[in-house]
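Student: Sequence plus predicted model, see below.
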Protein chains: 2
Amino acid sequence: MSEQRNNPYASSVSDFLSRVDNFAIIESTLREGEQFANAFFDTAKKIEIAKALDEFGVEYLELTSPAASEQSRDDCIAICKLGLKAKILTHVRCHMDDARMAVDTGVDGLDVVIGTSSFLRKFSHGKDMDYITQQATEVVNYIKSTGLEVRFSSEDSFRSDLVDLLNIYRTVDKLGVNRVGIADTVGCANPRQVYELVRTLRGVVSCDIECHFHNDTGCAIANAYAALEAGATHIDTSVLGIGERNGITPLGGLCARMYVANKDYIMGKYKLEMLRDIENIIAEAVDIQVPFNNYITGYCAFTHKAGIHAKAILNNPSTYEILKPEDFGMTRYVSIGHRLTGWNAVKNRVQQLGLDLSDDQVKHVTAQIKLLADIRPQSLENVDTLLRQFHEKARHPNSDGFPQLVETK
Amino acid sequence: MSEQRNNPYASSVSDFLSRVDNFAIIESTLREGEQFANAFFDTAKKIEIAKALDEFGVEYLELTSPAASEQSRDDCIAICKLGLKAKILTHVRCHMDDARMAVDTGVDGLDVVIGTSSFLRKFSHGKDMDYITQQATEVVNYIKSTGLEVRFSSEDSFRSDLVDLLNIYRTVDKLGVNRVGIADTVGCANPRQVYELVRTLRGVVSCDIECHFHNDTGCAIANAYAALEAGATHIDTSVLGIGERNGITPLGGLCARMYVANKDYIMGKYKLEMLRDIENIIAEAVDIQVPFNNYITGYCAFTHKAGIHAKAILNNPSTYEILKPEDFGMTRYVSIGHRLTGWNAVKNRVQQLGLDLSDDQVKHVTAQIKLLADIRPQSLENVDTLLRQFHEKARHPNSDGFPQLVETK
């Protein structure tokens, strides 16, 4: 925890509301992820994904409603039969028909959803809050009677009337739901709103609180973190964040965020070194490239370039890295063949190559690398060749005591 | 503002601290972006990028230090001579030599930086706070004497000692700097920390406050927003977020976030329809793909798939879209040839094709599309053919009154 002590903003007193080191992931690649434009998972692929996520350690897997199609129902049944450690949930509309069909698949629980915002009530299902309450009561009571877990979620929670929301959540909490859910269906929420709403809700219900955040305005990870700070207990994710539009909180990005909050907790419960392989399975299945800037596994996540950074990184990686690449099965790369390079990074490479140059000589060859790289970036092979040539010539110096490899202006 | 009234969390009373509708962008693609692993911009490309960002409407362009290399200096001079509307800044270490060289290039201002965290003081430059204060005073006084703008920033601000930070900021504020800068150099900060630090600083200095956020843990956009809520005045961005490691607050993502906060303000100052072209220039220059899930311009940002979503979107786009695609020169796409499709989306397509089917007939053909798509996703061409065949056969129905196109189990 020495890193935390050096951060004046890490909580130095106990925060009884925060759940940043006590939460569960509801992994929704097989539900929200199936709503991604490119996604079509056949049965074998769904089973492969479910097994990989189970091995990674997520607490829950959420599947597409069996009411969506015959194959969706068959796949749901097949995944329930795998005997995974993760609990299996399916996501259904707040209808008795859908709930009955879901109960029959063998899932551990049902995630029930209904739209509560004025937008959805007007333009989607057209129902008023009395009707929603009545519908919720019937469906929740039925699921409870089967002994399965039940979550009741509103949709578009951040554009719903606060009093309506709190009323319906309190009602279902008294009915005995396991969780209530908040969903930023349109991706409009920001972290301070999330903190306020979750904290308010935390004072109204005694059950668990699940949160689902879309990423349209870039806050899906930060909102998940703010929700946990305010007492939320469950976060929805998908691999690479795939989902409707540009998706939801990504599993890998959430791990990066939570690792910084409490590394031991996250490393204790999830096999972080599996992230890259799991992301590759999904990327291939839905025919996308892992983004260049993806959290942890993006190819430049652990690449350091500026001279000032490279020097410090070589002295102590914590200076510019809060994520240890080796904890994720990744490696660090310090780039040196460019115009922003610095002599400390070059010196490190000289030592790696087993060459013997003084600091002044390293500074001299660094200036020559910068000169070449000002015209065109130099590959590591080119830089190595240059360093070896310089080292060779250093044994037969010119009159300045320095070998000259590049014509200077 | 009708959307905001429907959001119980939009500020209904005046917030005198918030600057979400009164801030400036410091666009750092030509500085932070040059520290991206793949980046090498030649002079022509730098000029093309500078002109495009200027036309887009960013208030400042930040360039690599002229001390980095000879070409960096020449390029800085060339861009200053373009006569752009945007002010030109360059980013320099807190050294007199670097400052003098920068002043001579013709820039409008200098962004001065020094590491203040215990990590950087120990492993990077090895200087103590007294030395940093003395150095800052000399450099700031010199820049002030030239009449140029000056910003003084700490580095790794969120792992710096709070009292040290406030001391140095107050000192440079009294010297008359235009801005102080906070930098989350390692990407460890979260929005509530950011809000606290910026709000505290807002009470200590009278100058402007600039913020720079790395995205290692997925909070760069949310942190920028929290900073503005707390009174920050300037946000650093780069196109597609390119920078050290996985980068910083992306220009497009910040625009998405701020558009939701105050659409009129953002549309009034920036040409949002240029975003896609500007991102394509950068993506090509640094040889990356625009991420599939990129804000606004990612190919699925405005694609809707689930039946329940598609229905509502067709009734009123605001139900599931808080960003209007047409404001960004983009278009909406409702996907229908998949197992999650719904009859309302299919009905919409039937109407687009000018076919005449009853609601019951549309429900029937939707079931057939779902059946086919359960085996393999159907292209829009396939769906259209199916609809046309169905319509044709509907004029010669079977005994049920429904044409049958697919063999059901």
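Tutor: That came in fine, so what should we check first?

Student: got the residues of the stretch 301-409 of chain A near chain B?
Tutor: A:301-306, A:308-309, A:311-312, A:315-316, A:318-323, A:333, A:335, A:338-340, A:370-371, A:373-377, A:409 (Cβ under 8 Å from any Cβ of the partner chain). Every residue, glycine included, has its C-beta placed from N, CA and C.

Student: So residue A:242 sits against residue A:33, correct?
Tutor: Yes - taking contacts as Cβ atoms under 8 Å, residue A:242 lies within contact range of residue A:33: 4.5 Å.

Student: Which neighbours do the two have in common?
Tutor: Common contact partners of residue A:242 and residue A:33 (Cβ atoms under 8 Å, 6 or more residues apart in numbering or on different chains): A:39, A:282, A:286.

Student: Give me the buried subset of these.
Tutor: Neighbour-count burial (16 or more other Cβ atoms under 10 Å in any protein chain shown) is assigned, among the shared contacts of residue A:242 and residue A:33, to A:39, A:282, A:286.

Student: What is the nearest of those residues to residue B:260?
Tutor: For these, the residue nearest residue B:260 by Cβ to Cβ is residue A:39; the value is 26.1 Å.

Student: dump the residue contacts of the spatially closest residue to the closest one that is not a sequence neighbour.
Tutor: Distance criterion Cβ to Cβ, 6 or more residues apart in numbering or on different chains; nearest residue to residue A:39, sequence neighbours excluded, is residue A:286 at 4.9 Å. Contact analysis of residue A:286 by Cβ under 8 Å, 6+ apart lists A:33, A:36, A:38, A:39, A:40, A:242.

Student: Which pair of the residues you listed spans the longest distance?
Tutor: A:40 and A:242 (12.0 Å).

Student: Name the residue in those two with the higher neighbour count.
Tutor: residue A:242 (28 against 17; other Cβ atoms under 10 Å in any protein chain shown).

Student: so what's that one up against?
Tutor: A:29, A:32, A:33, A:36, A:39, A:282, A:286, A:288, B:293.

Student: hang on, residue A:310 in a strand?
Tutor: No - looking at residue A:310 with DSSP: H, G, I helix; E, B strand; the rest coil, it is helix, so not inside a strand.

Student: pretty sure it contacts residue A:336?
Tutor: Yes - counting by Cβ under 8 Å, residue A:336 is a contact partner of residue A:310 at 7.0 Å.

Student: Where do the helices of the stretch 301-409 of chain A begin and end?
Tutor: Ranges of helices within the stretch 301-409 of chain A are A:307-315, A:343-352, A:359-375, A:380-394, based on DSSP state H, counting those that start in this stretch.

Student: Domains in chain A, by residue range?
Tutor: A:24-286, A:303-395 (the TED database).

Student: Out of those, indicate the one that is most buried.
Tutor: Mean neighbour count (mean count of other Cβ atoms under 10 Å in any protein chain shown) peaks for domain A:24-286 among the domains of chain A, with a mean of 22.

Student: who touches both of residue A:310 and residue A:336?
Tutor: With Cβ under 8 Å, 6+ apart as the test, residue A:310 and residue A:336 both reach residue A:345.

Student: Pop out the phi and psi values for residue A:210.
Tutor: phi -110, psi 140 (degrees, to the nearest 10).

Student: Hmm, I typed the wrong one, I wanted residue A:93.
Tutor: phi -70, psi 160.

Student: where does the closest residue to it other than its chain neighbours fall, phi/psi-wise?
Tutor: Leaving aside its sequence neighbours, residue A:93 sits nearest to residue A:113 (Cβ to Cβ, 6+ apart; 6.6 Å). For residue A:113, the backbone dihedrals (degrees, to the nearest 10) come out as phi -140, psi 140.

Student: For residue A:113, list the residues it contacts.
Tutor: With Cβ under 8 Å, 6+ apart, residue A:113 has these contacts: A:91, A:92, A:93, A:94, A:153, A:154, A:155, A:181, A:183.

Student: try residue A:114
Tutor: Applying Cβ under 8 Å, 6+ apart, the residues near residue A:114 are A:93, A:94, A:125, A:127, A:132, A:135, A:136, A:153, A:154, A:155.
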